[in-house]
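1. Everything below, folded, please.
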Amino acid sequence: MELWPEDKQIHVPNKLKRGGKSKGNTTFSGTSSLEPGRLEAVTLVENGSRFEWTTPFNVSQGPRLTSGDSVELLRPTRPPAPYIPRTPIVRRAEQGANFLRTYFPDIDVTAELVRQELSTDAQIVRDWYQYDYSSRNMLEPLHIPDAPPTRQFLAFPMGITGSDLNICSYAVEDNSDFEFSADPVASFATPILQITSSRTSTTDANTSLAVRTFGSTVLFRVGYVLDSAYVDLTESATITREDTGQRPSVDVKYHPKESKVLFVNDEGCVYKLGFEDGQSQLAFSGIENPVVEDKFWQLAIAGASEDGCLLSSSTEVHELDFRAANSALNLLAIAGTTNETLTWVGDSGDDFLVPLTSTERILWLDRRFPGKPLLGIKHRRNHDRTLAAHSVTIRGHPHYLMTSRKNRLVTVYDVSRSTEQLLHANNPPYSFSVDTRESRFSGDACVSVRNHHKLFRLTERGSIVCADLMQNDGDETAASVAALEYLPRDTPDMRPNLGHVGAQEFSRTNLRPAYEQIFPSVSDNVVQEEANAEAFHDLVDHLPSFWQQQDSPIEEILTAYDIIFRAGEEPSNSSRADILTETVFNSTRGYRTLLQGRLPIQTLIDGASWSFNIASILKHFDESTAGDIGMIAERFRSFDLDRHPDDPVQASRRQNKAREQLALDLTLSKNIFSPRKFIPSSQPVPSGHADGDSSVHFHFLQPSPRRQYYSKEEQQDDVLVLPSGVGLLLQDWDIGSDPDKYIFTDISDIGADSNTQARSRDRIDRGYTEETPPKILLQSQVPPPIAVKPVAQPVVLPSRLLGVESQSQMTELAEAESQNVMMSTQVLPGPFGGRPTAIGKKKPGKKRLGGF
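-> Next up, the predicted model:
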C-alpha cells in the first residue's frame with residue numbers, strides 16, 4: 001500500500017443548490033495537503049498479530065535536526081544596492097519628454113508614449129524583482145575524487161556584477177579553515193545565473209562544471225592540483241542560443257547516465273548536448289498547450305539509471321523518456337482555478353520519490369503512481385516563488401530543508417517511508433534561522449561528509465554563511481512533545497490561588513474594530529473619498545459665501561481650516577476639538593485643490609473684516625513650514641522610512657498620504673481671520689519707548705565677555721545682546737539725576753499728563769511740610785489762628801497733635817480723603833467752639849504695684 005485513503009465523493013454545497021438548470025461548482029473531498037493538528041487521513045496497518053490505526057503524523061518517533069552557530073566564512077564582495085528615489089511615473093515622463101524635445105527637436109514624441117513605456121518598464125522591473133524565472137541556484141558543492149577527503153570545494157559567483165567565478169576550499173571538521181582566493185578562476189561578460197556540476201561522477205577523475213550566464217553557458221573540466229588547496233579549470237564547450245533553438249536557456253542539468261548535458265529554454269524545449277563532441281540535438285519539443293506567459297521550466301534527474309529526466313513548469317510535472325520521441329508522462333497537474341504554482345522539483349532516486357515545493361505546500365510524488373501526490377503538508381508561508389527544498393540524510397533519517405531567497409527561515413520536514421510503504425511525518429514541521437546580516441539569498445547547498453553535515457547559504461551581496469546540522473536523541477523530543485500534549489490538562493493546577501480576588505468578574509473586549517476605525521486601510525480611504533466626492537465639490541463651492549451665510553455672530557478668530565470645517569456638513573464622528581476632527585477636505589482631492597491654487601483663499605480674505613498671514617511667525621519656530629504646500633510636502637520626504645523592496649505598496653501609499661495631509665494642515669493654519677475689526681489704541685506710544693530704542697548704554701562699569709584663555713583658536717569679540725525689556729526698564733534712569741525729582745510717566749494711562757502735574761505738586765508740598773512744620777501757639781485759652789490754604793493743598797497736622805499714630809499714617813489718610821478740607825463755621829460745645837487747640841501733656845498712668 002502506497003497511498004493514504006481519501007474520500008472521493010462529490011459534495012455540492014446546499015447554498016449552491018437552486019432551482020432551474022443552474023448547477024453549482026463541484027468540489028472533491030479529501031486532500032493530500034496535511035496540516036498539523038487536523039486528522040486528514042487514517043488507515044489500519046498490521047502490527048504483528050493485530051491491526052492498529054495509523055495517521056500521516058507519527059509524532060515523537062524520530063530524532064530532530066538542530067542547527068549550530070552560524071559562521072560567516074566570506075564577507076560580502078558586492079556593494080549594497082543603490083538607493084533609487086521614488087519619482088512618480090508622470091514626473092519621469094515629463095522629464096523624458098523635455099529631454100527629447102531639447103536634444104532631439106525634430107522628433108515628435110508625446111508624453112503619453114513616454115509614460116506608457118515607463119509604466120511597462122516599471123512593471124517588468126517589479127515582476128523581475130519579485131521573481132526571476134531564469135535565475136537558479138548559484139552555490140554548488142564540487143565532488144573531486146582526487147582531492148583529500150578532509151577538503152571540500154564550493155563554486156560561487158563574486159565581483160561587483162556577479163560575473164566572476166570563484167572556487168574555494170574548506171575543512172570538513174573546522175569551519176574556521178576556509179581558504180579563499182581574491183582572484184577569480186574565470187570571468188564572463190554577463191552575470192552568472194546558475195552553477196551546476198556532475199555530482200554522481202565515479203569513474204572520471206575530473207568533475208564537470210556548467211556555468212550559465214545571460215549570454216551563454218560554458219562547460220568546464222575541474223581537476224585537483226596536488227599539494228595545494230586550489231583546482232585546475234579547463235573550458236570544454238560553450239553553448240549559445242543557436243544550440244537551444246534561438247531561445248535563452250533557463251535551466252541546465254547533467255545527464256546521470258551519459259556524458260551529456262540537458263538544456264531547457266523558455267519555451268519548454270529540451271536539448272541534449274555531448275560535451276565531448278559538442279553536438280546538440282533536440283530531445284523534447286515541448287508539452288502540448290502550454291501557458292504562453294509561463295516561462296518557468298526546471299529539469300530534475302529521474303533516477304540514476306534512467307535515460308530521461310523530469311520537466312516541471314509552474315503547473316505541471318512531466319517525466320520524459322528519451323528512448324521514444326516526445327514521450328512525456330504527466331505526473332502532476334495543478335488546477336488552474338487556484339493561485340498555487342510550483343516553485344521547485346527535486347531529483348528522484350532509487351525509491352522513486354520526487355519532492356516538490358509550491359507556493360502553498362510541500363509535496364512528495366511517486367513516479368510509479370502518476371496523477372496524485374503521496375503526501376503534502378501546507379507550509380503556511382506567503383506567496384513566494386523562490387521556495388526550494390534540500391534533502392539531508394542523517395543516520396538513515398531523511399530531512400527536507402525548505403528555504404527561501406527572501407528570508408532567513410529554514411523549515412525542516414522529517415518525512416520518510418514506513419514498513420507499510422506509507423509516507424509518515426515523524427515530527428511536526430519546525431524551523432530555525434541562519435544568523436546573518438542580510439535577508440536575501442541567491443544560493444543554498446547542503447553537504448554531508450561522513451558524520452559532518454553543513455548548510456551553506458550565499459547572500460545576494462556575495463557573503464557565505466555556514467551552519468552545522470546536528471541530530472538530537474528522540475527521547476528528548478518525545479519528552480518535550482509529551483509535555484506539550486499534557487500542558488492544557490495541567491494548566492489549571494499550575495495557576496496561583498488568588499482567593500476571593502480570583503473570583504472577580506472580568507470581560508475581554510476586542511479593540512480591533514476601534515483600531516480599524518481610527519486607522520482605516522488604504523483601500524477603505526479610497527472608497528470613502530470617492531463616496532465624499534460630491535460633498536467635497538459642494539464645500540468648495542460654498543466657501544466664497546461663508547461670511548454671508550453665518551446666522552450667529554462669531555466671537556473668536558478663525559483659521560482657514562476652521563472656516564472649511566464650519567462651511568461643510570457636521571461630521572458623523574465628532575471630536576472634542578475641531579482640529580482633531582477630519583472633514584471631506586482632508587483627502588487627496590483637498591491636497592490637489594490646494595496644490596493647484598483652486599481654493600478661494602483670496603475671496604475669504606476680501607470678505608473678512610480683518611485677516612493676517614502668520615507664515616513668517618511659523619517659520620520662526622519651524623523652518624520646514626516655509627513655502628507652499630508642495631514645498632512643505634517635498635521637505636517632509638526626509639522623514640520617510642527606509643525603503644525596502646519587500647515593503648507592501650499599501651505602506652508606501654499610507655506614508656505619502658500622511659505626508660500630504662500634514663502639509664495640508666500646516667498650509668491651512670497660516671491664514672487667520674476675524675469677523676470684527678480691532679479698535680486701535682487712542683494714545684500713541686512715545687518715541688522713547690519704541691522697540692528700536694531699547695538698547696542699554698553702559699558708563700563706568702562695562703560688561704566683560706567670558707574668554708577661554710587656553711584655547712588656541714582666535715576668539716572674536718561677542719556683541720552683547722540684551723532683551724528689550726531690560727532696555728525699557730533702564731531707559732528712564734540717567735546717571736547723576738536726583739531720584740526725588742523723578743517723574744513717572746505711565747504710557748498705558750490716557751490721562752497721564754494731568755496726573756503727572758498733580759503728582760509733582762503733591763511731591764513738592766509734601767516735602768515742604770515735612771521739613772518745616774507750621775508753628776502752633778502754646779496758650780491754653782487763646783484760640784489758634786486759622787490759616788487759609790488753597791483748596792488743592794491737603795491739611796497736614798503737626799507731629800505733636802498726632803498722638804500715638806505715626807505721621808506717615810496720618811499723611812496717607814489725608815491724601816486718601818475723597819473731599820478737600822474746609823473751614824468749619826458751626827458752633828460746637830467747648831471753650832473754643834470745637835476748633836483744634838493745643839493738647840496738653842498726657843497724664844501718666846498709674847503704675848501697678850505688686851501682683852504679676
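2. In the chain, what helix or strand scores lowest on average pLDDT?
-> Lowest by mean pLDDT, DSSP states H and E among the helices and strands of the chain is strand 27-28, with a mean of 36.
3. where does the stretch 351-500 of the chain dip in pLDDT?
-> Across the stretch 351-500 of the chain, the ranges flagged by pLDDT under 70 are 473-500.
4. and Gln123, which of the three is it?
-> Secondary structure assignment for Gln123 (DSSP: H, G, I helix; E, B strand; the rest coil): helix.
5. is it true that Phe352 touches Pro370?
-> No. In this structure, Phe352 is not within contact of Pro370 by Cβ atoms under 8 Å, at 10.9 Å. Heads up, the C-betas are built off the backbone N, CA and C, glycines and all.
6. Let me see the contact set for Val114.
-> Contacts for Val114 (Cβ atoms under 8 Å, 6 or more residues apart in numbering) come out as Ala93, Gly96, Ala97, Leu100.
7. who's in contact with the residue nearest to Phe57 when sequence neighbours are not counted?
-> Using Cβ to Cβ, 6 or more residues apart in numbering and skipping the chain neighbours, the partner closest in space to Phe57 is Ala425 (5.0 Å). Residues near Ala425 by Cβ under 8 Å, 6+ apart: Leu34, Pro56, Phe57, Asn58, Leu375, Ile377, Tyr413, Asp414, Val415.
8. Now for the second one, how many residues are close by?
-> Looking back up the chat, that one is Pro56. 21 (other Cβ atoms under 10 Å).
9. is it true that it touches Leu375?
-> Yes. Here Pro56 reaches Leu375: they are 6.2 Å apart, a contact under Cβ under 8 Å.
10. still on that earlier bit, list the ones among the contacts of Ala425 that fall in strands.
-> Leu34, Leu375, Ile377, Tyr413, Val415 (DSSP state E).
11. Of the residues you listed, just say which sits nearest to Lys657.
-> For these, the residue nearest Lys657 by Cβ to Cβ is Ile377; the value is 40.8 Å.
12. and that closest one, how far is that from Ala93?
-> 48 Å (Cβ to Cβ, to the nearest Å).
13. and what of Gly303?
-> 55 Å.
14. can you give me the helices in the stretch 251-400 of the chain?
-> Assigned by DSSP state H, counting those that start in this stretch, the helices in the stretch 251-400 of the chain number zero.
15. Would you map the strands across it?
-> 260-265, 270-274, 280-284, 298-301, 308-312, 316-321, 327-333, 342-345, 353-358, 361-366, 375-378, 388-394, 397-403 (DSSP state E, counting those that start in this stretch).
16. Phe698 is in contact with Leu730, correct?
-> No. Using Cβ under 8 Å, Leu730 makes no contact with Phe698, being 9.9 Å away.
17. Pick the one among the contacts of Val114 closest to Glu72.
-> Out of the contacts of Val114, the member with the shortest distance to Glu72 (by Cβ to Cβ) is Gly96, at 42.8 Å.
18. quick one: that closest one and Leu118 touch, right?
-> Yes. Gly96 is within contact range of Leu118, at 7.1 Å (criterion: Cβ under 8 Å).
19. Give me the neighbour count for Ile107.
-> 8.
20. right, and the secondary structure at it would be what?
-> Looking at Ile107 with three-state DSSP, the answer is coil.
21. which ones are touching it?
-> Leu100.
22. What separation do you get for it and Arg101?
-> According to Cβ to Cβ, Ile107 stands 8 Å off from Arg101.
23. What of Gln596?
-> 24 Å.
24. So the residue nearest the centre of the chain: helix, strand or coil?
-> Nearest to the mean C-alpha position of the chain, counting by Cα atoms, centre = their mean, stands Leu641 at 5.4 Å. The local conformation at Leu641, judged by three-state DSSP, is coil.
25. mind giving me TSV with the ones in strands among the contacts of Ala425 and columns for neighbour count and distance to Phe441?
-> Shown next, in TSV, are the ones in strands among the contacts of Ala425 (neighbours: other Cβ atoms under 10 Å; distance: Cβ to Cβ, whole Å):
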residue	neighbour count	distance to Phe441
Leu34	21	28
Leu375	25	27
Ile377	25	23
Tyr413	24	19
Val415	23	24
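26. any chance of those in a markdown table, with distance to Thr43 too?
-> Putting these into a markdown table (distance: Cβ to Cβ, whole Å) gives the following:
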| residue | distance to Thr43 |
| --- | --- |
| Leu34 | 14 |
| Leu375 | 13 |
| Ile377 | 18 |
| Tyr413 | 21 |
| Val415 | 17 |
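27. Domains in the chain, by residue range?
-> Domain ranges of the chain: 10-56, 514-674, per automatic domain parsing.
28. Nearest to Pro157, out of those?
-> domain 514-674 (20.3 Å).
29. so how far does the closest one reach from one end to the other?
-> 38 Å (Cα to Cα, to the nearest Å).
30. how far away is Val540 from Ala567?
-> Distance of Val540 to Ala567, given as Cβ to Cβ: 9 Å.
31. Looking at Gln596 and Arg101, which one has more neighbours?
-> The residue with more neighbours, out of Gln596 and Arg101, is Arg101; 13 against 10, by other Cβ under 10 Å.
32. Quick check: the more buried one is in a strand.
-> No. Under three-state DSSP, Arg101 falls outside any strand and is assigned helix.
33. and it, what does it touch?
-> Counting by Cβ under 8 Å, 6+ apart, Arg101 makes contact with Val109.
34. Could you report the pLDDT at it?
-> The per-residue pLDDT reported for Arg101 equals 86.
35. Same question for Gln549.
-> Reported pLDDT for Gln549: 83.
36. That one against His542, yeah?
-> Yes. Counting by Cβ under 8 Å, Gln549 touches His542, with 7.3 Å between them.
37. ok, the two, which is more surrounded?
-> More neighbours surround His542 than the other of Gln549 and His542, with 12 against 9 (other Cβ under 10 Å).
38. any idea how far that one lies from Ala535?
-> The value you get for His542 to Ala535, if Cβ to Cβ is used, is 11 Å.
39. hang on, the earlier thing: neighbour count for Leu730 and Phe698, which is higher?
-> When Leu730 and Phe698 are compared for neighbours, Leu730 comes out ahead with 15 against 9, by other Cβ under 10 Å.
40. which residues touch that one?
-> Going by Cβ under 8 Å, 6+ apart, Leu730 touches Val696.
41. what's the pLDDT at it?
-> On the pLDDT scale, Leu730 gets 72.
42. returning to that earlier point: right, and the residue nearest to the centre of the chain touches Ala658 too?
-> No. Taking contacts as Cβ under 8 Å, Leu641 lies outside contact range of Ala658: 11.0 Å.
43. surely Ser285 meets Asn326?
-> Yes. If you go by Cβ under 8 Å, Ser285 and Asn326 touch, sitting 5.7 Å apart.
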